[in-house]
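In: can you look at this prediction? I've put the sequence above it.
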Amino acid sequence: MTSAANLRAVALPVVAAALVSGVLGVQIANGGGDFTPTRSASPCAHRAVTSVSPGIQGLTEQLVLLGLDGAACRLHVTREALALDLAQSHTPTDAQVDALRAGLLEAVDRLKAEGKLPPASTLTDEALDSANLNSFVKAAIRALPDSLINSALKTDDVLRRTINELDLRSLIANLNDPNQLSQQINAAVTKAVRDALVARLRDLL
Amino acid sequence: MDTRDPRGEDVRVRRAAVPLLALTVGFVLADSAIVTLALPEILRRLGGTVPQVAWVLIAFNLVLALVVVPAAWVCWHRDPVPLCAAGIAVFAGASAACALAGSMPVLITARCVQALGGAFALVGCLELLVARIGERRGIAWWIAAGVIGTAVGPVAGGLLTETISWRAIFIVQVPVAVFAVPAALTARGGAARGGAARRGAVQPAEMQRPAVAPNVSLVLLSAALTAALFLLVLLLVEGWRRSPAIAALAVSVVPVAAFVATPLARRFRAVPRAEIAAGCLLVAGGLTALALLPSAHLAWTIAPQALIGLGLGLSLDRLTVDALRDRSPRVMHAGWTIGARHAGVVLGLAILTPVFTADLRNAQVPAQEAITALVLDAPLSADNKIALARGLSDQLTKEHDRVPDLHPAFARLELAPADRPAAEQLERNLNAQLERAATQAFHNSFLIAAGLALLALVPMLPLRRRVTT
């Protein structure tokens, strides 16, 4: 075969290979092959959580997000997989309930350690609005000075009591019913406040 | 003014006959892929299941692959003129039946009949084109019409579905056949004479065996091109949720590149095998590039499609020429090439569909987790997040096994004006995650298709034959 014939035999495939290399090179340089769904972060790693909601709702949201992380870390699954599982099954396992409770308690500790737990007095008005209490009692509590409330009620103590009080299984079952959900949380918070006050009184006596 | 030639044939009819016969070839071969973009619409309108709607594609290609060689044999032994005309008429009638189909089984049956008529039309048109304009030009017209039809099919189908309806895809084929039938019949004298001479010239004992290497390459290359012609439009329409018209415009790069491939290749004065090798490399490279898309922006699909189009233009017609060269009877070998191409399409669908549907199912978990992460961390109130999660869950359930449209979940949210920008940003982010998941789901299928394109090179490799003394 002459050199011209050889050239004619290889020129076009060589040009084709060069074109393919060029296109693939540009694509890989621009992230080709990495265009996949974002991987879930490790739930055991420290994650900064924030909430756009003020007051009790914001605090609850932060606790739930941190609690989910803690529970997922204990169960060796991602936070997202646990959230999807809880939302879709509506019947959590004992292990999930225990991990969730432990995660929420751990979240209280973390927020307290980071100084992110507000004093009880700042949450009182909001809590009283939704509390199932006589209006005279509500007015009387509102009249109490902040320092008295803060010395009588510790936010972390109330939160821990609330978490221990909550029936997490039925809470998860009621995820799709906001009214049931808030009723259940309010009842648990009210009982936790009452228990905290009783305990405080016992300590004083 | 007398418009008749010395043979008594109307000159206008003679001039129109060649383009009409070529157009018929283009239409029949375009039908292989023309319904791809219309499949979601057909599923919505006619009901049925996803596997059933896949048979709208598979049935046509399978019947054509099975029937075309026997059709060629009949055309070789009988007068091809009435067979071709009858084939075109059956194809047109079945196209009308497809357009009027009210259920999936009727549509699939009509598609089978369409392929049956199409098989006779394809091999008959080759004989009539050769009879009209000579061996070399006739084959060149027939091959070029087939390549362009194959490449243009998805684009035409997408545009018709978007602008009119999926039924329009089949309706537009009917008038072409109305004109093509008389065009076929006017060739009676010349083709019949050619046919008689041909039958006399080639005795059954001299009938040459099909060219194995180019036909095997055609099977493998067509299987690979299935990914480009079917899976890419599915990715654009179902994965990235682009409209069929946008998808049709996007995939028009393939036919444009296929069209310019041959004139570009001429500049290199390459030998046929070099063109085939370059074509297979380009198709494989383009498919690999589709497997490695950096984002869901349509612009990223242009260069890979250009590679595939150039490869298709270079290799498909060269392989067909190779399979036909110096082989007789020509019509039988043409039948083998058509059979090989459509068997390749069926093979491609059979290999790639389970892979990509399994990958699409496997992509659901990472996509759901990515979406959950974004919703959990979104700068929205907890109430809105719970309401949104409920809406998203409803959408996922409603659009089971499909990439869901998330917008209805956001439209149902009662948001304060201050929260709207955050919700809009979240919707964009969630859609981006869906696009990522869908793109990933097609990754393996494109890579397998690229492998098939490279395999198509193997039969064409020049193997040294051992000389025995």
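Out: Received, thanks. Residues are numbered from 1 along each chain as shown, chains lettered A, B, ... in the order given.

In: would you verify that B:F268 is located in a helix?
Out: No: checked against DSSP: H, G, I helix; E, B strand; the rest coil, B:F268 lies outside a helix; its state is coil.

In: what's the closest non-adjacent residue to it?
Out: Distance criterion Cβ to Cβ, 6 or more residues apart in numbering or on different chains; nearest residue to B:F268, sequence neighbours excluded, is A:L12 at 4.8 Å. From N, CA and C alone the C-beta is placed, and that goes for glycine too.

In: wait, that neighbour touches B:A274, no?
Out: Yes: counting by Cβ atoms under 8 Å, A:L12 touches B:A274, with 4.7 Å between them.

In: can you show me the helices along the stretch 201-350 of chain B?
Out: Under the criterion DSSP state H, counting those that start in this stretch, the stretch 201-350 of chain B contains helices at B:212-226, B:232-234, B:244-251, B:253-266, B:272-291, B:299-324, B:330-362.

In: out of the ones you listed, which comes closest to B:L66?
Out: Of all the helices of the stretch 201-350 of chain B, it is helix B:330-362 that lies closest to B:L66, at 7.6 Å by Cβ to Cβ.

In: just how off-centre is the helix or strand just after that closest one within its chain?
Out: Using DSSP states H and E, the next helix or strand after helix B:330-362 towards the C-terminus is helix B:364-376. The chain centroid and the centroid of helix B:364-376 are separated by 35 Å under Cα atoms, centre = their mean, to the nearest Å.

In: do stretch B:127-140 as well
Out: Its chain's average C-alpha position is 25 Å from that of stretch B:127-140, according to Cα atoms, centre = their mean.

In: residues of it that come out buried?
Out: Residues B:E127, B:L128, B:L129, B:V130, B:A131, B:R132, B:I133, B:G138, B:I139 are the ones in stretch B:127-140 that count as buried (16 or more other Cβ atoms under 10 Å in any protein chain shown).

In: do me a favour and get the end-to-end distance for that stretch?
Out: Across stretch B:127-140, the terminal residues are separated by 12 Å (Cα to Cα, to the nearest Å).

In: low-confidence stretches in chain A?
Out: A:1-2, A:4-5, A:90, A:130-132, A:178, A:204-205 (pLDDT under 70).

In: where along it do the helices fall?
Out: Applying DSSP state H to chain A gives helices spanning A:3-29, A:55-75, A:79-89, A:94-113, A:120-130, A:135-143, A:146-152, A:155-165, A:168-173, A:178-204.

In: let me know which of the ones you listed is tucked in deepest.
Out: Scoring those by mean neighbour count under mean count of other Cβ atoms under 10 Å in any protein chain shown gives helix A:55-75 as the most buried, with a mean of 21.

In: show me what that helix is packed up against.
Out: helix A:79-89, helix A:94-113, helix A:120-130, helix B:382-398 (3 or more Cβ pairs under 8 Å, 6 or more residues apart in numbering or on different chains; DSSP states H and E).

In: give me the distance from that helix to the chain's centre.
Out: 3 Å.

In: just checking, A:G58 touches A:S51?
Out: Yes: applying Cβ under 8 Å, one finds A:G58 in contact with A:S51, separated by 3.9 Å.

In: coming back round to it: got a markdown table for the helices and strands packed on helix A:55-75, with distance to A:R194 too?
Out: Shown next, in a markdown table, are these (distance: least, Cβ to Cβ, whole Å):
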| stretch | distance to A:R194 |
| --- | --- |
| helix A:79-89 | 29 |
| helix A:94-113 | 19 |
| helix A:120-130 | 12 |
| helix B:382-398 | 25 |
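
In: nearest to B:L37, out of these?
Out: helix B:382-398 (22.7 Å).

In: what does the helix or strand following the closest one contact?
Out: Using DSSP H and E, the helix or strand that directly follows helix B:382-398 along the chain is helix B:407-411. Applying Cβ atoms under 8 Å, 6 or more residues apart in numbering or on different chains, the contact partners of helix B:407-411 are B:L388, B:G391, B:L392, B:D394, B:Q395, B:A423, B:E424, B:L426, B:E427.

In: which of the residues you listed are buried, as a ChimeraX select command?
Out: Selection command for ChimeraX covering only the buried members of the contacts of helix B:407-411, criterion 16+ other Cβ under 10 Å:
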select /B:388,391,392,395,423,426,427
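
In: turn the contacts of helix B:407-411 into JSON lines, including pLDDT and distance to chain A.
Out: What follows is these, written out as JSON lines (pLDDT from 0 to 100; distance: Cβ to the nearest Cβ, whole Å):
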{"residue": "B:L388", "pLDDT": "86", "distance to chain A": "12"}
{"residue": "B:G391", "pLDDT": "84", "distance to chain A": "11"}
{"residue": "B:L392", "pLDDT": "84", "distance to chain A": "10"}
{"residue": "B:D394", "pLDDT": "80", "distance to chain A": "11"}
{"residue": "B:Q395", "pLDDT": "80", "distance to chain A": "14"}
{"residue": "B:A423", "pLDDT": "90", "distance to chain A": "12"}
{"residue": "B:E424", "pLDDT": "91", "distance to chain A": "15"}
{"residue": "B:L426", "pLDDT": "92", "distance to chain A": "12"}
{"residue": "B:E427", "pLDDT": "91", "distance to chain A": "16"}
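
In: surely B:F91 touches B:V174?
Out: No: with contacts counted by Cβ under 8 Å, B:F91 stays clear of B:V174, the gap being 9.4 Å.

In: neighbour-wise, which of those two wins?
Out: Neighbour totals were compared for B:F91 and B:V174, and B:F91 leads with 30 against 14 (other Cβ atoms under 10 Å in any protein chain shown).

In: how about the contacts made by the spatially most central residue of chain A?
Out: Central residue of chain A (Cα atoms, centre = their mean): A:L65, 0.8 Å from the mean position. Under the criterion of Cβ under 8 Å, 6+ apart, the neighbours of A:L65 are A:R47, A:V49, B:L376, B:D377.

In: B:G118 versus B:V90, what's the distance?
Out: According to Cβ to Cβ, to the nearest Å, B:V90 and B:G118 sit 8 Å apart.
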